[in-house]
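Trainee: 3D, please:
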Amino acid sequence: MNDLASVEFLVKLRDAALMMADAAGQYLEAMAPADKEKKHYDINRIKWVEAQGSRGPYEKSEDVGSADFKALTEDLEVHGGKLSHAGYFIWKFSNSTVIGRKKRS
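Mentor: Below is the predicted model:
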């Protein structure tokens with residue numbers, strides 16, 4: 001196997017593992033008791049700006065003055081920097097105050 005084929009294989013393997021982890025996370029969230037799903041923030045009250053990333057379009061926010069943004073940031077910290085909520089995959093950029101969100105398909 002040449003180097004290019006090895007890299008392509010590892011990229012596909014990584015992508016498959018990420019998809020499995022996301023699917024497991026969604027399944028676990030769906031199994032959570034309903035009272036744990038109540039959030040103390042509304043992501044629709046946060047100011048979002050359209051952006052383009054390596055995996056396509058998404059929205060990002062640096063609305064640090066918003067109480068909803070602060071509460072979402074705290075929730076992201078509890079969940080290791082990423083979570084699913086209200087039909088979105090939401091993540092915090094490392095070493096930054098920026099939060100991204102992408103509609104789940």
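
Trainee: so how many other residues sit close to residue 26?
Mentor: 13 (other CB atoms under 10 Å). In this view, the C-beta of every residue, glycine as well, is placed from N, C-alpha and C.

Trainee: in terms of contact, does it touch residue 83 like I think?
Mentor: No. Counting by CB atoms under 8 Å, residue 26 sits too far from residue 83 to count as a contact (10.3 Å).

Trainee: After the stretch of helix or strand residue 22 belongs to, which helix or strand is next? Please name it.
Mentor: Residue 22 is part of helix 3-31 when elements are defined by DSSP states H and E. The helix or strand immediately downstream of helix 3-31 is strand 49-53, counting by DSSP H and E.

Trainee: What does the pLDDT read for the residue most central in space within the chain?
Mentor: The residue lying closest to the centre of the chain (CA atoms, centre = their mean) is residue 90, at 2.8 Å. We have a pLDDT of 95 for residue 90.

Trainee: Doesn't it lie inside a strand?
Mentor: Yes. Counting by DSSP: H, G, I helix; E, B strand; the rest coil, residue 90 is found in a strand.
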